[in-house]
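[1] dropping a prediction and its sequence here:
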Amino acid sequence: MTHLSCAQIKGFLLVSARHSERSCCASFRRLPLSFYLCTMKTVFIPIVLLLMCAGCGYVGRRMWLLLPVDNAYKMVVVGLLLATLVCFFFNFIVGLDRFSLPVARVFYEVGGSSIFILLYLAMLFLALDLGRLFGLVPSTFLRHSVPGTLFVFGFIGALFTYGYVHYYHKVRVEIVLPSRKPLPQPSKFVLLSDMHLGYHNTRHDLAKWVDFINAEHPDAVLIAGDIVDFSIQPLLKAGMAAEFRRLNAPVYACLGNHDYYAGEENSERFYREAGIHLLRDTAVAIGKGITLVGRDDRTNTHRKPLNEMMKTVDGTQYTILLDHQPYHLEAAERQHVDFQFSGHTHNGQVWPINWIESAIYEKAYGRLTKGETHYYVSSGIGIWGGKFRIGTQSEYVVLTLQ
């Protein structure tokens, strides 16, 4: 791993502050990949852990006041909240590969689910506290209250039961596009993103996905990154490559940021074993009159600019671009790409995170047209963390070009 000194980092920050956006981006691209991955581990995850600690403190305090039971039973609830922090710590800081597969799955499910359950508990208690301040909720409802306890546990239980069931309902999104370029015959593709296979999305889940993909009889299967969640080990232990080899059509994919978190070399080896054609800043013909371009993920700060990649692409061919993260969508329009497929956002997974993502991305989910370029940003067939979809959907896309 390449190590950066404090002086190097400080120098980069000074350059970022003094130069234009273009020169800033150029400076960032010169940073090693290890800087990006190290930032993920040393900045993002600790921030999430800090927020979880704050959430546990607030929810724990409200639970202590709410529950109409002895302190001994309240300590059990507080202990469960602390256990979720321990599971999160092992999931994303210590790592789960040291455990057996069944134990690792328990840690992942508890730690991943707790993020969203804590979020909704905090929002619910905040709403009740605001209601109390404005005289809409009686104070007795929130202190040693049987009705209050039944309401909180009933609401959260019902909501996450719905979210869990809804996650397993995979929505078929159909897109039919007339080609402005001559095609000898219609072509059909199944498009996927964000499978996040690992400790929670198992071989059993993958087998179901393969079955309904085969039922579509596509000409090819295109995957826009994040096949792997955080580690390649559960995929190897469960023999998931064999499930990919059951697909009755050629499979093409680009890398996503999670494929890098699992180690790009590890991910590449798995792709080869699974029979997946990995496209890293390369283009390939996938039918008469159709060229598929796969970009490396922007996690790799040294990936090729799109305009450089498109120099080798025949402009008379219908061009499909796979780019995991939907940033700088105008680049595809400038290069006259016909269709771009992206993922990464999950559409926030649960409300209200989808609202936040809509403010971050030009298009966080769904269809978009810019000039003569069509885009689709998928919410993904899999999921990261807990298996819940609230206000969003898990999906796969069937694209027909004619």
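    Thanks, I have it.

[2] tell me the pLDDT at the nearest residue in space to residue 229 that is not next to it in sequence?
    Leaving aside its chain neighbours, residue 229 sits nearest to residue 198 (3.4 Å; criterion: C-beta to C-beta, 6 or more residues apart in numbering). For glycine as for every other residue, the C-beta is placed from the backbone atoms N, C-alpha and C. The score at residue 198 is 96. That number is its pLDDT.

[3] now swap in residue 23 and tell me
    The model's pLDDT for residue 23 equals 40.

[4] before we move on, the earlier item: who touches the residue nearest to residue 229 in this structure?
    108, 228-231, 234-235 (C-beta atoms under 8 Å, 6 or more residues apart in numbering).

[5] same question for residue 111.
    Contacts of residue 111 (C-beta under 8 Å, 6+ apart): 84, 87-92.

[6] kindly recompute the last result at 7 Å.
    Residue 111 is in contact with 84, 87-88, 90-91, counting by C-beta atoms under 7 Å, 6 or more residues apart in numbering.

[7] cool, residue 47 as well?
    Applying C-beta under 7 Å, 6+ apart, no residues qualify as near residue 47.

[8] contacts for stretch 76-89 next, please.
    So stretch 76-89 is contacted by 49, 52-53, 56, 59-60, 63, 67, 107, 110-111, 114 (C-beta under 7 Å, 6+ apart).

[9] list only those of the residues you listed flagged as buried.
    Listed as buried from the contacts of stretch 76-89 are 52, 56, 59-60, 63, 67, 107, 110-111, 114; burial here means 16 or more other C-beta atoms under 10 Å.

[10] circling back: in TSV: the contacts of residue 111, plus pLDDT, neighbour count and distance to residue 100.
    Shown next, in TSV, are the contacts of residue 111 (pLDDT from 0 to 100; neighbours: other C-beta atoms under 10 Å; distance: C-beta to C-beta, whole Å):
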residue	pLDDT	neighbour count	distance to residue 100
84	82	20	21
87	84	20	15
88	78	25	19
90	79	19	13
91	78	23	15
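
[11] just those: which are in helices?
    84, 87-88 (DSSP state H).

[12] need those residues in JSON lines with distance to residue 161, can you?
    Output for the ones in helices among the contacts of residue 111, formatted as JSON lines (distance: C-beta to C-beta, whole Å):
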{"residue": "84", "distance to residue 161": "18"}
{"residue": "87", "distance to residue 161": "21"}
{"residue": "88", "distance to residue 161": "22"}
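
[13] circling back to that earlier point, how about the buried ones among the contacts of stretch 76-89 in TSV, adding distance to residue 329 and pLDDT?
    Shown next, in TSV, are the buried ones among the contacts of stretch 76-89 (distance: C-beta to C-beta, whole Å; pLDDT from 0 to 100):
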residue	distance to residue 329	pLDDT
52	33	79
56	38	86
59	38	92
60	43	90
63	44	92
67	49	93
107	37	90
110	37	90
111	34	87
114	34	88
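
[14] farthest-separated two in the residues you listed?
    Greatest spacing in the buried ones among the contacts of stretch 76-89, by C-beta to C-beta: 67 and 107 (26.5 Å).

[15] what about stretch 196-203, distance to the chain center?
    13 Å (C-alpha atoms, centre = their mean, to the nearest Å).

[16] just the CA atoms of that stretch, as CSV, please.
    Output of stretch 196-203 as CSV, limited to C-alpha atoms (Å, rounded to 0.1, in the frame of the first residue of the first chain):
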residue,chain,number,x,y,z
HIS,A,196,-23.9,-7.0,-3.3
LEU,A,197,-23.3,-10.8,-3.0
GLY,A,198,-21.7,-11.8,0.3
TYR,A,199,-22.7,-12.5,3.8
HIS,A,200,-26.3,-11.4,3.4
ASN,A,201,-27.2,-11.9,-0.3
THR,A,202,-26.3,-15.6,-0.5
ARG,A,203,-26.0,-18.2,-3.2
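
[17] quick one: buried residues of that stretch?
    Buried-residue list, stretch 196-203, by 16+ other C-beta under 10 Å: 196-203.

[18] for stretch 289-309, same thing?
    289-300, 303, 306, 309.

[19] from the chain's centre, how far out does it sit?
    20 Å.

[20] that stretch spans what distance, first to last residue?
    18 Å (C-alpha to C-alpha, to the nearest Å).

[21] likewise stretch 170-185?
    Span of stretch 170-185 from end to end, C-alpha to C-alpha: 29 Å.

[22] go on, stretch 213-223?
    Using C-alpha to C-alpha, the end-to-end distance of stretch 213-223 comes to 12 Å.

[23] ok, back up a step: can you flag which of the buried residues of stretch 196-203 belong to helices?
    residue 203.

[24] in TSV: the buried residues of stretch 196-203, plus distance to residue 155.
    As requested, those are exported to TSV (distance: C-beta to C-beta, whole Å):
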residue	distance to residue 155
196	28
197	32
198	30
199	29
200	24
201	27
202	30
203	34
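
[25] among the buried residues of stretch 196-203, which lie within strands?
    Residues of these located in strands (DSSP state E): none.

[26] who does residue 187 bridge with?
    Taking DSSP bridges as the rule, residue 187 bridges to residue 401.

[27] and it, what does it touch?
    219, 287, 290, 401.

[28] looks like the last one contacts residue 177 (just checking).
    In other words, residue 401. Yes. Between residue 401 and residue 177 there is a contact at 5.7 Å, judged by C-beta atoms under 7 Å.
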